[in-house]
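Engineer: just to be clear, the model below is a prediction. Sequence and coordinates:
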Amino acid sequence: MIFLMDLQMMLLDVLYFILRNSLRAVLRPRTKPVDGELVLITGAGGGLGQLFAQEFSKHGAEVVLWDTNTASNERTAALVREMGGKAHTYTVDVTNRQEVYRTAEMVREDLGRDVTILVNNAGVVAGKRMLDCPDELIERTMKVNCHALFWTVKAFLPQMKANNHGHIVTVASVLGLFSTPCVEDYCASKFAAVGFHESLAHELLAEEVDGVKTTLVCPYIVDTGMFKGCKIRDEVEMILPPLDPQYCVEQAMNAILIDQPLVCIPRLTYLPFLSRALLPWESNVVTYRFMGSDKCMYPFIDAMTNREAPLPITAE
Ligand SMILES: NC(=O)C1=CN([C@@H]2O[C@H](COP(=O)(O)OP(=O)(O)OC[C@H]3O[C@@H](n4cnc5c(N)ncnc54)[C@H](OP(=O)(O)O)[C@@H]3O)[C@@H](O)[C@H]2O)C=CC1
Ligand SMILES: CC1=C(/C=C/C(C)=C/C=C/C(C)=C/C=O)C(C)(C)CCC1
């Protein structure tokens with residue numbers, strides 16, 4: 001009897017959330033205020049990180065900027081300060097867990113308060129065919145895009161849980177939901193990031209920590225230069241062009257401010273995500289071939305190969 005009542009309740013809840021989320025796609029739900037929040041952004045010197053810092057600052061939040069690249073991190077801080085915002089910079093390699101824990105403690109001491117929103121945005125890609133790629137570059141992608149999520153969340157989640165207030169944002173990728181050829185390191189790390197994020201979100205819900213929210217951000221190609229050269233078939237690219245970084249961050253911010261658990265940007269990319277799950281493997285293969293995504297990374301890899309200096313490899 002109890003089982004049947006639970007089943008009925010669960011089915012009603014399922015219907016309720018389908019309806020609510022369909023309505024949300026049309027009507028704009030109320031956004032939460034983030035003024036006064038302390039937002040930590042990793043990879044804050046990069047294309048999306050810099051825009052996240054500016055957007056959060058526009059909404060009245062104080063930002064803590066982490067990046068390995070001191071110069072670009074300082075540029076982001078200068079932009080935030082020019083807008084009248086408050087920014088604090090730290091040079092941190094997020095793959096180094098001792099450095100992450102140490103700097104997290106330093107942030108707490110320097111600012112005298114806890115980080116309330118964590119945006120895990122730092123990311124890298126090897127940009128080489130797997131068989132030509134030095135093992136260290138593959139490891140680096142896994143460490144930055146996946147392992148670092150554990151270290152930063154372990155550093156900041158305990159206070160969020162203790163205060164029952166916070167938000168964990170993971171900037172993954174559509175390549176964490178479906179894949180393209182020739183970026184095995186990146187896809188593996190982003191699929192792992194999606195798995196990490198979802199498991200964490202379920203854990204918080206199972207423990208009824210309802211004040212700590214989670215948002216998984218999965219963008220398609222963004223024009224920041226990270227995937228410069230990546231190209232699908234012209235006719236398809238007309239309906240699915242690379243995203244403007246500002247548009248991408250605005251969409252991600254909308255999702256964060258309404259506590260949306262997952263956002264794919266643009267919405268059209270929910271389709272390949274669904275087709276991967278629903279269609280036979282071979283059907284997806286012919287679709288990819290038709291749309292030019294089977295070879296979309298070739299020009300990107302050629303461009304990366306022609307770049308002069310290899311990216312630095314950090315050892316822990
Ligand atoms: N651009 C795209 O097409 C897409 C990007 N994404 C994801 O969005 C996020 C941001 O990407 P985007 O802004 O384009 O990339 P960028 O390369 O412009 O920015 C990434 C930033 O992260 C920093 N970083 C790299 N490694 C570390 C590290 N170990 N510790 C701290 N900081 C580090 C980089 O520093 P440095 O300058 O020294 O390398 C850089 O400033 C990434 O997670 C990416 O995977 C998702 C979908 C599409
Ligand atoms: C696979 C696939 C596509 C191409 C996707 C591409 C090219 C994604 C690139 C994403 C990047 C570079 C993300 C970075 O994080 C289409 C044409 C959408 C539809 C068919 C399936």
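Structural biologist: Cool, got the structure. Please read these numbers as outputs of a predicted model, since none were measured by experiment. Ligands and ions are numbered 1, 2, ... in the order given.

Engineer: right, and the helix or strand after the host helix or strand of Val236?
Structural biologist: Following DSSP states H and E, one finds Val236 within helix 234-239. Using DSSP H and E, the next helix or strand after helix 234-239 towards the C-terminus is helix 245-257.

Engineer: give me the pLDDT for the residue of the stretch 51-200 of the chain found nearest ligand 1.
Structural biologist: Nearest to ligand 1 in the stretch 51-200 of the chain, going by CB to the nearest ligand atom, is Gly123, at a distance of 2.2 Å. For the C-beta atoms, the positions are set from N, CA and C on the backbone; glycine is no exception. What the model reports for Gly123 is a pLDDT of 98.

Engineer: run a quick neighbour tally on the closest residue to Cys296 other than its chain neighbours.
Structural biologist: Using CB to CB, 6 or more residues apart in numbering and skipping the chain neighbours, the partner closest in space to Cys296 is Ile232 (4.9 Å). Residues near Ile232, counting by other CB atoms under 10 Å, number 19.

Engineer: pretty sure Ile232 is touching Met291, no?
Structural biologist: Yes - with contact defined as CB atoms under 8 Å, Ile232 counts as touching Met291 (5.7 Å).

Engineer: hang on, the earlier thing: so how far is the helix holding Val236 off the chain centroid?
Structural biologist: Chain-centre distance of helix 234-239: 25 Å, with CA atoms, centre = their mean, to the nearest Å.

Engineer: neighbouring contacts of it?
Structural biologist: Outside helix 234-239, the residues that touch it by CB atoms under 8 Å, 6 or more residues apart in numbering are 231, 268, 291-292.

Engineer: repeat the analysis, applying 7 Å as the threshold.
Structural biologist: Outside helix 234-239, the residues within contact range by CB atoms under 7 Å, 6 or more residues apart in numbering are 231, 291-292.

Engineer: one more: stretch 252-271?
Structural biologist: By CB under 7 Å, 6+ apart, the list of residues contacting stretch 252-271 from outside reads 29, 31-32, 34, 55, 167, 169, 174, 201, 213-220, 240, 243, 248, 251, 273.

Engineer: before we move on, the earlier item: quick one, what contacts the residue nearest to Cys296?
Structural biologist: Neighbours of Ile232 in contact, by CB under 7 Å, 6+ apart: 291-293, 296.

Engineer: write out the residues of this protein neighbouring ligand 1.
Structural biologist: 42-43, 45-49, 66-69, 72, 92-95, 121-124, 144, 171, 173, 219, 221-222, 224, 226-227 (CB under 6 Å from any ligand atom).

Engineer: ChimeraX command for the buried members of these?
Structural biologist: Buried residues within those, by 16 or more other CB atoms under 10 Å, are selected in ChimeraX with:
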select :42,43,45,46,47,48,49,66,67,68,72,92,93,94,95,121,122,123,124,144,171,173,219,221,222,224,226,227
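
Engineer: the residues of the chain next to ligand 1 also near ligand 2: which ones?
Structural biologist: Applying CB under 6 Å from any ligand atom to the residues of the chain next to ligand 1, one finds that 173, 221, 227 fall near ligand 2.

Engineer: just send those residues back as a markdown table, with pLDDT and distance to Ser283 too.
Structural biologist: Formatted as a markdown table, these follow (pLDDT from 0 to 100; distance: CB to CB, whole Å):
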| residue | pLDDT | distance to Ser283 |
| --- | --- | --- |
| Ser173 | 98 | 23 |
| Ile221 | 98 | 23 |
| Phe227 | 98 | 26 |
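
Engineer: so which of these sit within helices?
Structural biologist: The helices in this structure, assigned by DSSP state H, contain none of those.

Engineer: for these, which one is nearest Asp114?
Structural biologist: Ser173 (28.5 Å; CB to CB).

Engineer: for the closest one, give its distance to His202.
Structural biologist: Applying CB to CB, to the nearest Å, the value for Ser173 to His202 is 21 Å.

Engineer: kindly report the same for Val39.
Structural biologist: Distance from Val39 to His202, counting by CB to CB: 24 Å.

Engineer: now the lengthiest helix in the chain: how far from the chain's centre is it?
Structural biologist: Looking across the chain with DSSP H, the single longest helix is helix 2-26. Computed by CA atoms, centre = their mean, the chain-centroid distance of helix 2-26 equals 28 Å.

Engineer: what does stretch 221-240 give?
Structural biologist: Computed by CA atoms, centre = their mean, the separation of stretch 221-240 from the middle of its chain amounts to 19 Å.

Engineer: just the CA trace of that stretch, in PDB.
Structural biologist: Extracted C-alpha coordinates of stretch 221-240, given in PDB (Å, rounded to 0.1, in the frame of the first residue of the first chain):
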ATOM      1  CA  ILE A 221      32.100  25.500 -29.500                       C
ATOM      2  CA  VAL A 222      32.700  29.000 -28.100                       C
ATOM      3  CA  ASP A 223      34.800  31.700 -29.900                       C
ATOM      4  CA  THR A 224      37.500  32.000 -27.300                       C
ATOM      5  CA  GLY A 225      40.300  30.500 -29.300                       C
ATOM      6  CA  MET A 226      40.500  27.300 -27.300                       C
ATOM      7  CA  PHE A 227      39.100  25.200 -30.300                       C
ATOM      8  CA  LYS A 228      40.200  27.600 -33.100                       C
ATOM      9  CA  GLY A 229      39.800  25.800 -36.400                       C
ATOM     10  CA  CYS A 230      37.200  23.200 -35.300                       C
ATOM     11  CA  LYS A 231      34.700  23.200 -38.100                       C
ATOM     12  CA  ILE A 232      31.500  21.300 -39.100                       C
ATOM     13  CA  ARG A 233      29.800  21.300 -42.600                       C
ATOM     14  CA  ASP A 234      29.100  24.800 -43.800                       C
ATOM     15  CA  GLU A 235      25.300  24.300 -44.200                       C
ATOM     16  CA  VAL A 236      25.000  23.000 -40.600                       C
ATOM     17  CA  GLU A 237      27.400  25.600 -39.300                       C
ATOM     18  CA  MET A 238      24.800  28.200 -40.600                       C
ATOM     19  CA  ILE A 239      22.300  27.000 -38.000                       C
ATOM     20  CA  LEU A 240      24.900  26.100 -35.400                       C
END
